[in-house]
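Participant: Quick one: sequence plus predicted model below, questions after.
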Amino acid sequence: MSQALILARRELGAYLRSPLGAAIIAAVLLIDGILFYWQALSEKLLSAEVLEQFFYNASGTTMIAGILLSMRLLAEERQMGTFTLLNTAPLGDGDIILGKYISAICMLGMMTLLTVYMPLLIFVNGKISVGHILVGYLGLMLLGAATTAIGLFASSLSSSTVVAAIVGAALTGALILEWALARAVDAPLNAILAAMALHHQNFKPFMSGTIDLGCVTYYLVVILFFLVAATKMVEARRWR
């Protein structure tokens with residue numbers, strides 16, 4: 001674990017030195033700010049509805065940010081020819097994946113924290129529950145963490161950051177669209193597909209300020225599955 005944290009610190013430093021991390025965070029804040037301003041001031045919604053809409057909009061930018069932040073983690077190492085050095089370091093495959101994942105989650109957490117002022121502005125002319133805000137942000141972090149794990153797995157498949165981003169977006173899109181497919185099939189398959197959808201049914205409770213343990217478990221399972229899959233890919237490439 002200590003080795004993973006050392007690698008995470010190195011990767012986090014790389015994010016902070018690179019314009020990529022700053023550009024992604026700035027773009028997310030800009031888009032979230034525009035959408036929040038439009039929803040809060042241009043439409044006649046109740047305070048709780050404004051907050052729900054904020055989390056809905058932020059979920060989209062969070063997923064995109066998760067893919068963009070994770071696309072470079074392994075693909076860039078191969079693209080720059082430094083993956084061999086990483087493989088020869090005293091790090092296990094699990095340490096490599098965990099360290100890189102932690103660094104991306106830290107960036108995602110920083111980005112999410114910077115958006116807190118938006119729901120707090122609702123207190124100026126409205127009344128909302130602090131618990132609703134906290135639960136909504138828990139949902140955003142779980143969704144972002146799951147998407148980042150998917151992006152990290154995609155990054156383990158390719159030596160191109162662009163290809164990694166495309167594969168990560170395709171996998172994420174397929175998991176999101178399962179809710180639409182669920183509406184086109186009969187029971188019990190429709191319930192299974194809806195329960196496996198990355199966003200729709202599993203994110204809605206957080207938007208309304210409700211903690212659903214089933215949804216929390218779903219996101220944790222997705223995170224674990226793709227981190228293990230990424231570890232196996234790194235292990236396979238090590239012995240290739």
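Facilitator: In hand now; what should we look at?
Participant: Mind pulling up the pLDDT for Leu86?
Facilitator: pLDDT for Leu86: 64.
Participant: do Ala180 as well
Facilitator: 78.
Participant: Then Ala40?
Facilitator: At Ala40, pLDDT is 68.
Participant: where does Arg72 land in three-state SS?
Facilitator: coil (DSSP: H, G, I helix; E, B strand; the rest coil).
Participant: Can you give me the buried ones in stretch 46-54?
Facilitator: For stretch 46-54, burial by neighbour count (16 or more other C-beta atoms under 10 Å) applies to Ser47, Ala48, Val50, Leu51, Glu52, Gln53, Phe54. Placement of C-beta: from N, CA and C, glycine included.
Participant: which residues of the chain fall in helices?
Facilitator: With DSSP state H, the ranges of helices along the chain come out as 2-17, 19-42, 47-70, 75-80, 83-88, 93-113, 117-125, 130-157, 161-176, 178-182, 189-196, 200-207, 213-238.
Participant: among those helices, which gets the worst mean confidence?
Facilitator: helix 83-88 (a mean of 63).
Participant: thinking again about what came up before, which among the buried residues of stretch 46-54 gets closest to Leu108?
Facilitator: Phe54 (17.3 Å; C-beta to C-beta).
Participant: separation between the residue nearest the centre of the chain and Gly209?
Facilitator: Centroid-nearest residue in the chain, with C-alpha atoms, centre = their mean: Gly144, separated by 2.0 Å. Separation of Gly144 from Gly209 (C-beta to C-beta, to the nearest Å) stands at 18 Å.
Participant: Likewise for Met107?
Facilitator: 26 Å.
Participant: Which one's more surrounded, those two?
Facilitator: For Met107 versus Gly209, neighbours defined as other C-beta atoms under 10 Å are more numerous around Met107 (24 against 20).
Participant: give me every residue that touches that one.
Facilitator: Contacts for Met107 (C-beta atoms under 8 Å, 6 or more residues apart in numbering) come out as Leu12, Tyr15, Gly21, Ile24, Ile25, Leu69.
Participant: got it, and Gly92?
Facilitator: With the criterion set at C-beta under 8 Å, 6+ apart, Gly92 makes contact with Gln3.
Participant: same thing but 10 Å
Facilitator: Contacts for Gly92 (C-beta atoms under 10 Å, 6 or more residues apart in numbering) come out as Gln3, Ala4, Leu98, Thr231, Val234, Glu235.
Participant: Tell me the one of those residues nearest Leu177?
Facilitator: Thr231 (26.8 Å).
Participant: these two touch, right, that closest one and Ser156?
Facilitator: Yes: using C-beta atoms under 10 Å as the test, Thr231 is close enough to Ser156 to be in contact (8.3 Å).
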